[in-house]
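A.B. asks: What would the 3D arrangement of this be:
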Amino acid sequence: MPLTQSHGAAEYLRRTLIYVGRKSLWIAAGWVIVYLIARIFASGPLMLIEPVLGAIFGGAAGWEMGDNAVSECGFTGLFLWIFLVLGCWVPIWLVTWIEQTIVRHLFGWHLTFGDWMLLTMATLLSLMAALWRALADD
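C.D. replies: You can find the predicted model right below:
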């Protein structure tokens, strides 16, 4: 449904929050799986696989977040881009914090350098892919 002039800024904000929230839930669910798979490669030479996993997931998450964002939210620009990037970053970092707290208490695992590489690549690639995809629709 296209927005008319009778809709205010609150309607745009509501649509954006619903869109970003729905996509963020999928990103969080995917990140749980990726993070647990990456625990296999947490140390040693195999930790070089973790940035690749982070890049693949971050690129896919950002692309999915930015896909049709302009048409779904009804506006474009810096305000939308901020919501898209936060919609990618918050689930990744929040889920990591929760999972890290759980595995530290249950198994004594700590955040390794490989885990930081995983997080960094997912964060950077999600930013780039979300903005790139939203700009392509603009």
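
A.B. asks: all helices of this protein, in order?
C.D. replies: 9-38, 50-66, 69-73, 78-107, 113-137 (DSSP state H).

A.B. asks: Any idea which of the ones you listed gets closest to residue 44?
C.D. replies: Nearest to residue 44, of all the helices of the chain, is helix 113-137, at 8.5 Å by Cβ to Cβ. All C-beta spots, glycine's among them, are computed from the backbone N, C-alpha and C.

A.B. asks: so how far is that closest one off the chain centroid?
C.D. replies: Taking the mean of its C-alpha atoms, helix 113-137 sits 7 Å from the chain's own mean (Cα atoms, centre = their mean, to the nearest Å).

A.B. asks: Can you tell me the centre-most residue of this protein?
C.D. replies: residue 88 (2.4 Å; Cα atoms, centre = their mean).

A.B. asks: who touches it in this structure?
C.D. replies: 24, 27, 58, 61, 62, 65, 123, 126, 127, 130 (Cβ atoms under 8 Å, 6 or more residues apart in numbering).

A.B. asks: Check residue 125 too.
C.D. replies: 54, 55, 57, 58, 59, 62.
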